[in-house]
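Participant: just need the structure, nothing else, for what follows:
(one chain, ligands or ions: 1)
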Amino acid sequence: MMKLYGTPPTRALRAMWLLNELDLAHEIIPVDLRAGEQLTPEFLAINPAAKLPVLVDGDVVVSESAAIQLYLADKYGDRFPGGGLIPDTPEGRGQMYRWLFFLMTEIEGPLWRIALHSFLYAPDEQSAGEIALARRDCKRMIAVFEQHMQGRDFVVGDQLTVADFNAAYTLDWANLEDMLDDAPALQAYLTSIYARPKAPVTIAEGMAALEA
Ligand SMILES: N[C@@H](CCC(=O)N[C@@H](CS)C(=O)NCC(=O)O)C(=O)O
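Facilitator: Sure thing, here's the model as predicted:
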């Protein structure tokens, strides 16, 4: 059975979207980051970057949350009712890759800087100035995505693709940082994608469960 290392609220949720939507049997393996379990030799053997998530599918080991999403859609996408989650044409795939990279770099990048400078770096490494710059950068890119999503139900074309399941997690994170206050189309999109019956928990729900 496939194994997914990582639990909510981590980026493992990006992989869980695909595992759920594709009805793939899997085992979730918790890795306690606060206890340093990502630094054990066993974990470093599957991801030398010491980060979650990691998917193990037989002999195949994939880290990087967006890569796991693409791998699952590529290998098992025909299980998805009505389409493979990856566009059929190079043009469609080009747009899907565009938005996946945009989400992972232009939107997640500043969100990650905010997290690093708010609570992950040691207090003497944290910088309020970095947070302010990251918030500005993120807001600018959210405005670009908001413009793109005007009148659209899906990130690419007229069907669900991997980009939607990446956008779901990334926008949920952005929303927690109040980045969607001026983005009504993204707010509506976020609500509708999390209303899907197989949606995983939100980041806030995952955090609450972790603290409980
Ligand atoms: N680019 C990576 C980032 C992975 C990442 O930073 N994961 C966090 C949890 S959400 C982690 O494992 N952090 C542990 C650390 O940075 O020490 C991905 O998308 O999978």
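
Participant: what element comes up after the helix or strand harbouring A45 heading to the C-terminus?
Facilitator: A45 is part of helix 41-46, with elements assigned from DSSP states H and E. Going down the chain from helix 41-46, the next helix or strand is strand 54-57, by DSSP H and E.

Participant: which residues are contacting that following strand?
Facilitator: Identification of contacts with strand 54-57 by CB atoms under 8 Å, 6 or more residues apart in numbering yields 2-6, 15, 46-47, 61-63, 68, 71-72, 75. From N, CA and C alone the C-beta is placed, and that goes for glycine too.

Participant: cutoff 7 Å now
Facilitator: Strand 54-57 is contacted by residues M2, K3, L4, Y5, A15, I46, N47, V61, V62, S63, I68, Y71 when judged by CB atoms under 7 Å, 6 or more residues apart in numbering.

Participant: just the ones of those in helices?
Facilitator: Using DSSP state H, A15, I46, I68, Y71 are the members of those that sit in helices.

Participant: need the buried ones from those residues selected in PyMOL.
Facilitator: PyMOL command restricting the ones in helices among the contacts of strand 54-57 to the buried ones, with burial defined by 16 or more other CB atoms under 10 Å:
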select buried, resi 15+68+71
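
Participant: and this protein, which residues reach the ligand?
Facilitator: Residues of the chain found near the ligand (CB under 6 Å from any ligand atom) are T10, R11, L33, Q38, A50, K51, L52, P53, E64, S65.

Participant: from the residues you listed, which two are the most distant?
Facilitator: Within these, L33 and E64 form the most distant pair, 16.5 Å apart (CB to CB).

Participant: could you single out the nearest of the ones in helices among the contacts of strand 54-57 to the ligand?
Facilitator: Of all these, I68 has the smallest distance to the ligand: 7.6 Å, by CB to the nearest ligand atom.
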